[in-house]
Each structure stands twice: as structure tokens, then as C-alpha cells.
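*Asks:* I'd like to go over a predicted model; first the sequence, then the structure.
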Amino acid sequence: MHFANRQIEQMDRDGLESLQTERLQKTLGWAFSKSPFYREKLRAAGVHPEDIKTLHDIRRLPFTCYKEFQRAQMYDFLTLPLSGVARISLWEHPQPVIKVYTTGDIAHNVEMMTRGLVAAGITRASVVGILGDLADSGLMDIQYALDLIGAAVVPLSTDYNRAMRLLRESGLETLAGSSRRLLQMIVQVQAMGADVLDYPLQKILCLNDMIQNPLKSHIEKRTATQVYNFFSSAEFGCAGMLFQCSERSGQHLQEDCFYPEIVAFGSDTVIEDASQVGELVVTTLAAEAMPLIRCRTGQTVMRLEEPCACGRTLMRLVTPFGQYS
């Protein structure tokens, strides 16, 4: 088994919970003192960062929902002046969200993406095509992660004629991009009288704005490849929060950077039973520019309790519909 960061990916639960608690307290103090949005929100809820001493105490904090992103301005969430910003990006799916990053945020996102790529079997011998443009912050993080791994990167842009020539001549065996763009490319290849099966593709890395990828089976059948899913979330501004390992049974959550809760739909009750389905709620533990506290994702999930055969101890989440992969 290959790991990008064995210390984190195989950390025992006690060590992970200790790290999460430390980072949660730091995040809350930072958000309360620096973010106008969260300072007002926590004060209105009558809670102070010093009140949160354990992970269980997080339930005293208010939830953040997407409507608040729509009503508030970027600067309401921002914790630092623009002089401390390294990147500003517009995430368009499922709804437009502007995300701001420090160099530390970018480093964490690239680290998480590196773990996900290595878990999908990407090595320095891989040749990976990236479908899309650098206006997509998630694709930028993929390129940086591939550079760290030492894999060959083939930028395909959004010009399908260009992409087809590179597919034919570069010998790339892995393709990365959003499910929508990947499907558009498959259709375009067919429309131009070619067959995607004639290309040496073996693996596809799908960036999805839902944890479940409804196009997975279709893409695998059309391309005769293995599809690895990544949860690409606009609210959180990263493409590697959840990733699939070689087992492709559920998706591992990057628990050192995100604290998850599963909450009963239509209520604020946290679900303890791993067999029950609920809404995924996430608190960032490493975000600097725009931390988020108890953000409702709208994603329907349940936990898998049994250890993953890949050896990673990071929590696995699945959707209750269809196959776990």
C-alpha cells in the first residue's frame, strides 16, 4: 500500500481526536476574533470559543447554511486583509461561491489532494491529463499535487480538439476533471468519429459536487476505466475533502482538516448510530482565510465502521444509494 502521509492517514483515533480538538479550539478563536460573520453569529448564539473544550462541545455552536453564503459578502467571512491573500477563486457548482486562500490554505489543499492521488494509485510514472482550465482552483491543486508526486502532467484545457490530439499523442493513461466535462469529452470524441476505447486510458479521477457520482457507472462503461471519486465542494473551496482509495468502497474524509458530524434531516440532532443516514455537517480545522463552522452540506451520508482494507484509519463515508463506490 502507498501513502502520501502515513502519519496522518494511519493515525490512531485517540491521536486524531487530540489533533482535532487542538485545531478546533484554534479555529474557533481565530474565527471569533477575525471573521465579522462568525463574531456576530457566535455572540448571537451566546457562545464563546473558550466554552468549547472537547469535540462533543461543538454541538453548542450554531450551524452555517448555504443561504448565509448568498446573503453575506466575501469580506464578512474573510479573516485577514487582502495583503495576506494568495488566491481568489470562483467555484461555480452546485452554486457560485467565491473562495479566498492564504498560502497555508493552498498548502493544505495540495497536501490533501496529494494523499487522494496517491490513494488512487498515481505515481511518478503516471501520465495524467487535466481537463479544464486554471480558473478552476481545484484543478490547480491537482496540478501542484501531481508536481509534488513527480507525475507527468498534460494540461488539456477545454478545447476538445486539442484534448483529443494530446490523448492520442501523449500516451496519458489517467484523466482528471469534473464529471460534467468528462462526459462532454466522451460525447465529443464520439461526435468526431472516434472511439474513446481506442485511447490508452486506464483511470479517471472524477471531481464531483455530490458525494455520490451518478455518472460513475456510465463513464466506466463508456471508457473501460476505473473511476475514482473526489468530493469537490464549492463551500469549502477544495477538491480533496473526500477521496477514494484503491478499495473504492466509500470515501475517506480528511479528518485532520475537517471535523464531520452527521445530523438528522429536518433537525439539529447529531446521529450517533453508524447505521443511520443523515446530512453531513463539516467544520474546517485548518482553513485560515475563510474558516467554516458546522456548515450544512446537504449531502446524505452514513459512516462505515469496519476498517478499510487499504490500511487508512481515516473515516469512510458512503451514500445510501446504489453501490458504495
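*Replies:* Okay, I see it.
*Asks:* OK, contacts around the residue nearest to residue 233 when sequence neighbours are not counted?
*Replies:* Take residue 233 and drop its neighbours on the chain: the residue closest to it by Cβ to Cβ, 6 or more residues apart in numbering is residue 241, 5.8 Å away. Just so you know, the C-beta spots here come from the backbone N, C-alpha and C atoms, and that holds for glycine as well. Taking Cβ atoms under 8 Å, 6 or more residues apart in numbering, we find residue 241 in contact with 112, 231, 233, 253, 254, 257, 258, 282.
*Asks:* taking those residues one by one, which sit in strands?
*Replies:* Among the contacts of residue 241, the members falling in strands (DSSP state E) are 231, 233, 253, 258, 282.
*Asks:* between these, which is nearest residue 96?
*Replies:* residue 233 (13.2 Å; Cβ to Cβ).
*Asks:* quick one, what contacts the closest one?
*Replies:* With Cβ under 8 Å, 6+ apart, residue 233 has these contacts: 209, 241, 297.
*Asks:* thinking again about what came up before, doesn't the residue nearest to residue 233 lie inside a strand?
*Replies:* Yes - counting by DSSP: H, G, I helix; E, B strand; the rest coil, one finds residue 241 located in a strand.
*Asks:* that one and residue 87, how far apart?
*Replies:* 17 Å (Cβ to Cβ, to the nearest Å).
*Asks:* does residue 258 touch residue 287 like I think?
*Replies:* No - between residue 258 and residue 287 there is no contact under Cβ atoms under 8 Å: 9.1 Å.
*Asks:* ok so, going back, so which of the contacts of residue 241 wins on neighbours?
*Replies:* Within those, residue 233 tops the neighbour count with 29 neighbours, counted by other Cβ atoms under 10 Å.
*Asks:* for the chain, which strand is longest?
*Replies:* strand 295-304.
*Asks:* quick check: buried residues in it?
*Replies:* 295, 296, 297, 299, 300, 301, 302, 303, 304 (16 or more other Cβ atoms under 10 Å).
*Asks:* run through the neighbouring helices and strands of that strand.
*Replies:* If you count contacts as 3 or more Cβ pairs under 8 Å, 6 or more residues apart in numbering; DSSP states H and E, strand 295-304 packs onto strand 258-263, strand 278-284, strand 316-318.
*Asks:* redo those strands as JSON lines? Include mean pLDDT and distance to residue 180.
*Replies:* Below are these laid out as JSON lines (pLDDT from 0 to 100; distance: least, Cβ to Cβ, whole Å):
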{"stretch": "strand 258-263", "mean pLDDT": "98", "distance to residue 180": "24"}
{"stretch": "strand 278-284", "mean pLDDT": "97", "distance to residue 180": "22"}
{"stretch": "strand 316-318", "mean pLDDT": "96", "distance to residue 180": "22"}
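*Asks:* what part of the chain, helix or strand, is modelled with the least confidence?
*Replies:* Among the helical and strand segments of the chain, the one scoring lowest on mean pLDDT, DSSP states H and E is helix 66-71, with a mean of 84.
*Asks:* check which element follows that helix along the chain.
*Replies:* Scanning forward in sequence from helix 66-71 by DSSP states H and E, the next helix or strand is helix 74-77.
*Asks:* how about the contacts made by the residue nearest to residue 237 when sequence neighbours are not counted?
*Replies:* The shortest distance from residue 237 to any non-neighbouring residue, by Cβ to Cβ, 6+ apart, is to residue 99 (3.2 Å). By Cβ under 8 Å, 6+ apart, the contact set of residue 99 is 88, 89, 90, 91, 137, 234, 237, 290.
*Asks:* what about 7 Å?
*Replies:* Applying Cβ atoms under 7 Å, 6 or more residues apart in numbering to residue 99 gives the contacts 89, 91, 137, 237, 290.
*Asks:* burial count for the fourth one?
*Replies:* Okay, so that is residue 237. 26.
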